[in-house]
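>>> just coords:
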Ligand code: NAD
Ligand code: MG
């Protein structure tokens, strides 16, 4: 079943004009949202920690900023754009005390609400507006009169106006100019985690390392292995990004294509598919979320140890040397 998509004509900025919008955090997404909303003629205040280093940046960008407690006090809408693991503490300390009928809480990722790390009272609206791109692109495309497609989801609709509010916000940051796809907190959270674990981050890095190790263990030069199994990934992914798998296959040789369609399915075989299914189950039943929340509470011992081991993998050393030959990378 295809998702419902909303466009500029479905969104009415007037719904949130004059409302006080508080953007918490001024990182990748925070800066883009705050600047775009401001340029859309909306009333924005950036909420920052006491002594925040980004206050000067917000000021230089022409935005009003306040310490979090002050910024949330008079807000009609509060968007959470601090890192996901920090959001529950920010909610408990600053936002929970100001929750009241008429308040709208917004998120750009569903993790904390879906897994019950933030449980807003029933009298507030809870909405997700999540751009499908990094903050810099959200800002740059807005400034160019375009926008990055967004997701919209409604978790709580106390006012009966939550969808209109979400679409207005999506228009304010430019997303509705491109299209706003309707989803749920559950669907966004589970598909996001699955994608980054099984395919984008976990899957791709494990695949590249295994290819590199296979060639090096068979006696081939690590430099050759790095170029073939890691560096060239970008060329292939750029073609797929541009026009899909079919477009990529127009640009590779017939030999590459034959190897692709006959050998690829042997790499991602029934075992890999079954493991993907198990990873998805751990996401759906909350066991991944519990593991990650506990890991954070323990100050991330496993996270730190595994990342350190990853950083010591030979691909990093070979990559550093080869990139030094590619001056254009800057
Ligand atoms: P970020 O790390 O770039 O920025 C977070 C900001 O919060 C920074 O200004 C940081 O200084 C501040 N901060 C850090 N810890 C804090 C704390 N304890 N209290 C207060 N402020 C703190 O984060 P981001 O990538 O912009 O992500 C924000 C939200 O947007 C997340 O929910 C994320 O899942 C979502 N999101 C990100 C992207 C992306 O591409 N980066 C895309 C879609 C959605
Ligand atoms: Mg993700």
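The structure has been received and is ready for your questions. Bear in mind the structure is a predicted one, so any value in this text is a computation, not a measurement. Numbering: from 1, shown residues only. Ligands and ions are numbered 1, 2, ... in the order given.
>>> Centre of this protein to the edge, which residue is at the far end?
residue 219 (39.2 Å; Cα atoms, centre = their mean).
>>> can you confirm that one is in a strand?
No - judged by DSSP: H, G, I helix; E, B strand; the rest coil, residue 219 forms no part of a strand; its state is coil.
>>> So which bits of the helix or strand where residue 241 lies are buried?
Per DSSP states H and E, residue 241 falls inside helix 233-251. Using 16 or more other Cβ atoms under 10 Å as the burial criterion, the residues of helix 233-251 that qualify are 239, 248, 249. Yep, even glycine has a C-beta here, placed from its N, CA and C like the rest.
>>> Stretch 160-179 too?
Residues 162-179 are the ones in stretch 160-179 that count as buried (16+ other Cβ under 10 Å).
>>> related to what we said a few turns ago, now, which of the buried residues of helix 233-251 lie close to ligand 1?
With the criterion set as Cβ under 6 Å from any ligand atom, no member of the buried residues of helix 233-251 is near ligand 1.
>>> closest to residue 317 among those?
Nearest to residue 317 out of the buried residues of helix 233-251 is residue 239 (Cβ to Cβ; 28.6 Å).
>>> check contacts around the closest one.
247, 248, 251 (Cβ atoms under 8 Å, 6 or more residues apart in numbering).
>>> what about the residue in the stretch 201-330 of the chain that ligand 2 sits nearest to, neighbour count?
Here the stretch 201-330 of the chain gets closest to ligand 2 at one residue, residue 201, 8.1 Å apart by Cβ to the ion. Counted with other Cβ atoms under 10 Å, residues neighbouring residue 201 total 11.
>>> Close to ligand 2: what parts of this protein are there?
Within the chain, the positions adjacent to ligand 2 are 192, 196 by Cβ under 5 Å from the ion.
>>> all strands for the chain, in order.
5-6, 20-24, 43-48, 64-67, 77-80, 104-107, 125-131, 150-156, 180-183 (DSSP state E).
>>> which helices and strands does the fifth one pack with?
Packing partners of strand 77-80 (3 or more Cβ pairs under 8 Å, 6 or more residues apart in numbering; DSSP states H and E): strand 20-24, strand 104-107, helix 162-172.
>>> Sheet-wise, list the partners of it with their directions.
Here strand 77-80 has these sheet partners by DSSP bridges: strand 20-24 (parallel), strand 104-107 (parallel).
>>> Tell me which of those strands sits nearest to residue 138.
Closest among the strands paired with strand 77-80, using Cβ to Cβ: strand 20-24, at 12.5 Å.
>>> Is that closest one in proximity to ligand 1?
No - taking Cβ under 6 Å from any ligand atom as the criterion, strand 20-24 and ligand 1 are apart, separated by no less than 6.8 Å.
>>> What are the contacting residues of that strand?
30, 33-34, 37, 42-47, 68, 71-72, 74-82, 90, 94, 169.
>>> by how many degrees do it and helix 162-172 diverge?
Counting by axes from the mean of the first three to the mean of the last three Cα atoms, to 10 degrees, strand 20-24 lies at 70 degrees to helix 162-172.
>>> which helices and strands does the worst-scoring helix or strand of the chain on mean pLDDT pack with?
Least confident element among the helices and strands of the chain, by mean pLDDT, DSSP states H and E: helix 314-323 (a mean of 94). On a contact count with 3+ Cβ pairs under 8 Å, 6+ apart, helix 314-323 meets helix 202-217, helix 222-226.
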